[in-house]
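Trainee: sequence unknown, structure follows:
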């Protein structure tokens, strides 16, 4: 586990809760042999760290209880490669914070994991938007998987759907609502709050970051669009190529006037293939109240996919709980390991 | 190909159109070695029937051009087992018409195919609602697949989603709109047509059957609910167990009055787990115009899934074309054969 914030902590709890089912149904047994974070340092114990402690809850408590094995094992660990080695890692769960400039250091961590011979599972959009091609090829060459279901729509199996369930289907474009913070702020403004009040409310709910400019200016949505384009449309596409306008210039007055006219503002993501390339945008759009997009409120999200077989396939996730992102990593883990086991047996043959 | 109506004819066209991609991407080569239908009889040629002829279009033309190989090969063929043998079938595409009473003869055909050692892919809901358990177990015992993605939502990968993309997720219930004919009739009535006029229009569009009572009385929707419950909730559940009310008793006046009140009638399917069993219903329900279900018109469909991880995951298919059902069979084919090849290699080891 690289990064030990909400996502990886929830992942441990889910893994423990579903341990029996994962063993019975997929034949997978696991133990956690390494945890690393800025607070904890590089902790590794190839015999397994105590999950009862890891999933006990509060970060302070977990980290203090983790330290004993850490001290012994971590003395000689100076970087991710040594840590992977010491942990004898078969799978890396990468959940460090996003660097929207170049995806580092996550890209380097994932590269190291694949080179070490582990599957790399990430909740970090940076690795997808800056290194999808490189990491996918490296994974294939190593006979391992690079999976990232948690990066868009909190673990709803969007990437898995196109990769595994829609053979020979080609994605022409998509549109949707993919950022919770702006969606919450706009709803608050419709209900009478000012922009600042609504932002403060979203922050109090724990949805918006202290520095919310990344969401408000449309960067988060642009990064998600870029991840979808890279992985589902086969086009290398950086977040900076998305035509991007945030919600900063929408006044509460404008938002409420739209509502009175039977419409509402949503921060809408769009991407469409145009010849060899893709055009994409993130900007506030007026949506009719009868449009299903208008009903996507709070932390809910929606994507309309336009394909060569299905004219419009729509996935909506309503009111996700806190565990959905971590679940995406659990699902990637089951996918990677059950497929990996199959491949190992093939190679022996 | 068992049954040679729209679905299997479109399937041939899709297979031919995507032949190069299926070979390049999945390593699958195919030929069609048998066709059977009431009109054509049991046609088999293990060297392959000419696909250029099979996908040429009109049934009359296809069948007349098919007859030459038919006469030679079919003389000794008296039933499905001999036909599968003569065709040396690796995969059966079963697309005969539905028998809502007991699923026969489709269940027997699929059993024969699995016993013969072929994957069985069906667009026939009868086999799923009357023999899901038996056929799934038989398929597993034979190392083959019994797949039926086309039976609900025209090939949108609903079954594949839960089976392959949502490991350890448990379905608690679902609701949605799954029948096109009643949906079209209700829309027509809202626009001012009588029930009979609206039905005639749906028939003219080719969506409603000449005898539309199967749709109008909610049987088609009940059968789809039953298929979803059997395959996704692990409960044996016959269509007759669905509390069923069709749209026959809705007058045009009632439908238009609802519209004036900002609501609309939809034939809504529901299923929910209650302890060890499931309660399910199909009946007209009043839906707010701002509810996304209200925007599901014509041949579009929607399902809301309630699960232990995702509180509400919604799949909507808008304006499907004619090829979506056949596509579901193509996708099942790629799934079955690429997994089958993997297993074969494993067994050799």
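Mentor: Structure's in. What do you need? What you see is a predicted model, and the numbers here were worked out from it, not measured in a lab. Numbers count the residues shown, from 1 in each chain, chains lettered A, B, ... in the order given.
Trainee: residues contacting residue A:21?
Mentor: residue B:168 (CB atoms under 8 Å, 6 or more residues apart in numbering or on different chains). Where C-beta positions appear, they are placed from N, C-alpha and C, glycine not excepted.
Trainee: pLDDT on the host helix or strand of it, on average?
Mentor: Using DSSP states H and E, the element containing residue A:21 is helix A:19-26. Confidence for helix A:19-26, expressed as mean pLDDT, is 95.
Trainee: show residues contacting the very next helix or strand once past that helix.
Mentor: Later in the chain than helix A:19-26, the nearest helix or strand by DSSP H and E is strand A:34-37. Contacts to strand A:34-37, defined as CB under 8 Å, 6+ apart, come from residues A:1-5, A:8, A:42-45, A:49, A:54, A:63, A:66, A:80, A:83-84, A:86-87, A:89.
Trainee: restrict those residues to those near chain B?
Mentor: Among the contacts of strand A:34-37, not one lies near chain B by CB under 8 Å from any CB of the partner chain.
Trainee: just the buried ones from those residues?
Mentor: Buried positions within the contacts of strand A:34-37, assessed by neighbour count (16 or more other CB atoms under 10 Å in any protein chain shown), are A:1-4, A:8, A:42-45, A:49, A:54, A:63, A:66, A:80, A:83-84, A:86-87, A:89.
Trainee: which members of these occur in strands, if any?
Mentor: Judged by DSSP state E, strands contain the following of the buried ones among the contacts of strand A:34-37: A:42, A:43, A:44.
Trainee: so what's the second one scoring on pLDDT?
Mentor: Put plainly, it is residue A:43. Value for residue A:43, per-residue pLDDT: 92.
Trainee: measure it to chain B for me?
Mentor: 27 Å (CB to the nearest CB, to the nearest Å).
Trainee: spell out which parts of the stretch 151-300 of chain A neighbour chain B.
Mentor: Contact residues, the stretch 151-300 of chain A versus chain B (CB under 8 Å from any CB): A:155-157, A:160-161, A:164-169, A:289-292, A:294-295.
Trainee: got a PyMOL select line for the buried ones in those?
Mentor: A single PyMOL command selects the buried members of those (16+ other CB under 10 Å):
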select buried, chain A and resi 155+156+157+160+161+164+165+166+167+168+169+290+291+292+294+295
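Trainee: strands along the stretch 51-200 of chain A, start to end?
Mentor: Shown for the stretch 51-200 of chain A, the strands assigned by DSSP state E, counting those that start in this stretch span residues A:91-94, A:119-122, A:146-147, A:171-177.
Trainee: partners of the last one in the sheet?
Mentor: Using DSSP bridges, the strands paired with strand A:171-177 are strand A:263-274 (antiparallel), strand A:301-307 (antiparallel).
Trainee: go on, the third one?
Mentor: Next to strand A:146-147 in the sheet, as set by DSSP bridges, lie strand A:119-122 (parallel).
Trainee: show me which positions of the strand it pairs with end up buried.
Mentor: Of the residues in strand A:119-122, those buried (16+ other CB under 10 Å) are A:119, A:120, A:121, A:122.
Trainee: for these, which one is nearest chain B?
Mentor: residue A:121 (13.2 Å; CB to the nearest CB).
Trainee: picking that back up, turn the ones in strands among the buried ones among the contacts of strand A:34-37 into TSV, columns for distance to residue A:33.
Mentor: Shown next, in TSV, are these (distance: CB to CB, whole Å):
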residue	distance to residue A:33
A:42	12
A:43	9
A:44	6
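Trainee: by mean pLDDT, which helix or strand of chain A comes out lowest?
Mentor: Ranked by mean pLDDT, DSSP states H and E, the helix or strand of chain A with the weakest confidence is helix A:59-74, at a mean of 41.
Trainee: mind listing what's buried along the helix holding residue A:21?
Mentor: For helix A:19-26, the neighbour count (16+ other CB under 10 Å) marks A:22, A:26 as buried.
Trainee: for that helix, what is the distance to the chain centroid?
Mentor: Per CA atoms, centre = their mean, to the nearest Å, the displacement of helix A:19-26 from the mean C-alpha position of its chain is 24 Å.
Trainee: just stretch A:235-251 next, same as before
Mentor: Centroid displacement of stretch A:235-251 relative to its chain, using CA atoms, centre = their mean, is 18 Å.
Trainee: ok, now stretch A:304-321?
Mentor: On CA atoms, centre = their mean, the centre of stretch A:304-321 falls 17 Å from the chain's centre.
Trainee: mind listing what the residue nearest the centre of chain A touches?
Mentor: Geometric centre of chain A, nearest residue: residue A:151, 1.8 Å, by CA atoms, centre = their mean. Taking CB under 8 Å, 6+ apart, we find residue A:151 in contact with A:122, A:123, A:124, A:125, A:128, A:224, A:227.
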